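Asker: Whatever this is, show me its structure:
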Amino acid sequence: CVQRATRFINWILNHFDEKQLQSTGVLDIAGGQGSISVEFQLSPKRIPCTVIDPRAFTFTTKQQCHFNYQLDHPSLYPSPPVWPRQLQILFLDDFLEHPEHLKLWNSVSLVIGMHPDEATERIIQFALKYKKDFAVLPCCVFPNQFPHRKTADGRQVKYYEDFCDYLQDLDPEKAIKRDTLNIPGRNIILWKRYN
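Answerer: Residues are numbered from 1 along each chain as shown. Modelled structure (predicted):
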C-alpha cells in the first residue's frame, strides 16, 4: 500500500505544480488510512492534505517513528511535521452544500482519489463542474449500484475499461487524460489540469 502511495505521489509531482500544491494543498477523497496524505505531509516537500473518509486514521508504527524522528531532528526538515487533517464523513452529493466543505474545496488546487470506490464519479463530476484539477485511479465499477451508467454505444457499464471510458466521457470538452501507474491491479489514472 505504501509503495502504491509513493508511486502515485511521484506521478502527481511530475504532472502538477509542486509549489502550488505546497501553498494550497490536496484534497484526498476516500483516502482510507491516509497513506497518501501522510506521505505528502511527512515528505520534505510538506504538501498539506485533507482526507475525506468516514474511517478514522490508524497510523502505522513506521509512520509514527518517521514523525517522531522529524520532531527530534528539526534541522533536517523545512518545518515541523504535521499529520493530515481529516473529515470523517462520506463524500456525498451534498458535500459542497456545507459552507466549510465548499471553503475547503475552493482552497485546494488538486483533488485526488486512489481507488475511491463509490466516490469516483462524484469526484470527477465536481472537479469538472468547478474546474478543479484532479487525478483519480478508478477501481470498483459497482454496476448494480449504478445501473444508469451507459457506454457510448448504450451498454450498461459493467467492466473496468468501460468504466474508465464512461468517466472520461463525462467531460464535455473530452480533455480528461488517461495514464498508467506502475502498480499491480487497477492502475489507470484519469486526470485533468486546468492551469
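Asker: Going by C-alpha atoms from here, please, whenever you check contacts or count neighbours.
Answerer: Noted.
Asker: does the residue nearest to residue 160 when sequence neighbours are not counted count as helix, strand or coil?
Answerer: Excluding its sequence neighbours, the residue lying closest to residue 160 (C-alpha to C-alpha, 6 or more residues apart in numbering) is residue 141, at 6.2 Å. Of the three states, residue 141 takes coil according to DSSP: H, G, I helix; E, B strand; the rest coil.
Asker: burial count for residue 141?
Answerer: Per other C-alpha atoms under 10 Å, the neighbour tally for residue 141 reads 20.
Asker: Distance check, it against residue 150.
Answerer: According to C-alpha to C-alpha, to the nearest Å, residue 141 and residue 150 sit 12 Å apart.
Asker: Common neighbours of those two, please.
Answerer: residue 157 (C-alpha atoms under 8 Å, 6 or more residues apart in numbering).
Asker: which non-adjacent residue is nearest residue 191?
Answerer: Nearest to residue 191 is residue 135, by C-alpha to C-alpha, 6+ apart, at 4.2 Å.
Asker: And the contacts of the helix or strand harbouring the one you found?
Answerer: Assigned by DSSP states H and E, residue 135 belongs to strand 133-137. By C-alpha under 8 Å, 6+ apart, the surrounding residues in contact with strand 133-137 are 12, 109-116, 120, 124, 127, 186-195.
Asker: Tell me which of these fall in helices.
Answerer: 12, 120, 124, 127 (DSSP state H).
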